[in-house]
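# Here is my input, please return the structure:
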Amino acid sequence: MEIIGSGFLSRHLRALAHRHPHAVALAAGVSRVGLNDEEVFAREARLVVDVARRCRETGRTLVFFSTASAGVYSGPGCSGREDCPHPTSPYGHHKLAMERLVRESGCSWLILRLSHLVGRHQASHQLVPAMVRQVESGTARIFVHTRRDLLDIRHFMHIIDTLLASGVAGDTINVASGTAVPMDDITTHIADLLGRRPDREYVELGSDHQVSVRKLHDLLPDIGSELQYEDYRALLDRYVPHYASRVAAHGAWPH
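Presented below is the predicted three-dimensional model:
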């Protein structure tokens, strides 16, 4: 597997690179859900077009990582299924536009819409590291009515490894746990793990959304059964101490 990018996903995907020489994983795109920057969006579009062209010329499969965030699935009545996205943010519209570029490129492709992955080596702006930092600071900012689907990076690795080994291509698949947890509950468990009682600043913004994992479970029933019994608290138990120790060691989030 050729891996394009040097961030969180890229570091984990390296362990699978030797198993999938037919694939090119594009893990260098925009990852900040609140971003609205036309120049940055245009840069990713140029990258997608270039990588898709190379995949078409070499006969390899482009694996494009899109989003299953609220920016794509939070519209009124949205079921969270792959065939009915309802983008509500510039980031959501951009990622769907990148998906169209991939599908229309003429190369073999696989689009994975990712929920909020959790694991080591995440950037400071990603959900769990950001909440750890807020809780440690003494004030946690919570968008009312907001829920988030958390997925362990270990499950993601198992899923992408199995999909590529099975030759799945030409499809768009949500990769998520299927359980959306209120941010208030996520904050409470992080605070309990850290022994903190932060002030909570509630903001009347945010939108609820659910990600459908029916297609994922149909394709990979064994993995679906495993995810069904994953508890978000156990996931946080695994990774929150790691991020807390990084903050403590550096006095702030390390660069």
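
# Tell me which residues of stretch 55-66 come out buried.
Buried residues in stretch 55-66, counted by 16 or more other C-beta atoms under 10 Å: 55, 60-66. For the C-beta atoms, the positions are set from N, CA and C on the backbone; glycine is no exception.

# right, and the pair among those with maximum separation?
Arg60 and Ser66 (18.7 Å; C-beta to C-beta).

# pLDDT below threshold where in this structure?
Flagging of the chain using pLDDT under 70 yields the residue ranges 34-36, 206-207, 228-229, 246-255.

# where do the strands sit along it?
Using DSSP state E, the strands found in the chain span residues 2-4, 23-26, 61-67, 108-114, 116-118, 139-143, 147-152, 171-175, 180-182, 199-203.

# which one of those strands lies closest to Arg14?
strand 2-4 (6.4 Å).

# now for that closest one, which elements pack on it?
Under the contact definition 3 or more C-beta pairs under 8 Å, 6 or more residues apart in numbering; DSSP states H and E, strand 2-4 sits against helix 8-13, strand 23-26.

# Which residues does the last one contact?
Spelled out, it's strand 23-26. With contact meaning C-beta atoms under 8 Å, 6 or more residues apart in numbering, strand 23-26 is reached by 1-5, 9-10, 13, 47-48, 51, 54-55, 60-65, 110, 164.

# How far does that strand sit from its chain's centre?
16 Å (C-alpha atoms, centre = their mean, to the nearest Å).

# Walk me through which strands it pairs with, and which way each runs.
strand 2-4 (parallel), strand 61-67 (parallel) (DSSP bridges).

# still on that earlier bit, I'd like the helices and strands packed on strand 2-4 as CSV, with distance to Phe156 and mean neighbour count appended.
Listed next are the helices and strands packed on strand 2-4 as CSV, based on distance: least, C-beta to C-beta, whole Å; neighbours: other C-beta atoms under 10 Å:
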stretch, distance to Phe156, mean neighbour count
helix 8-13, 8, 20
strand 23-26, 12, 24
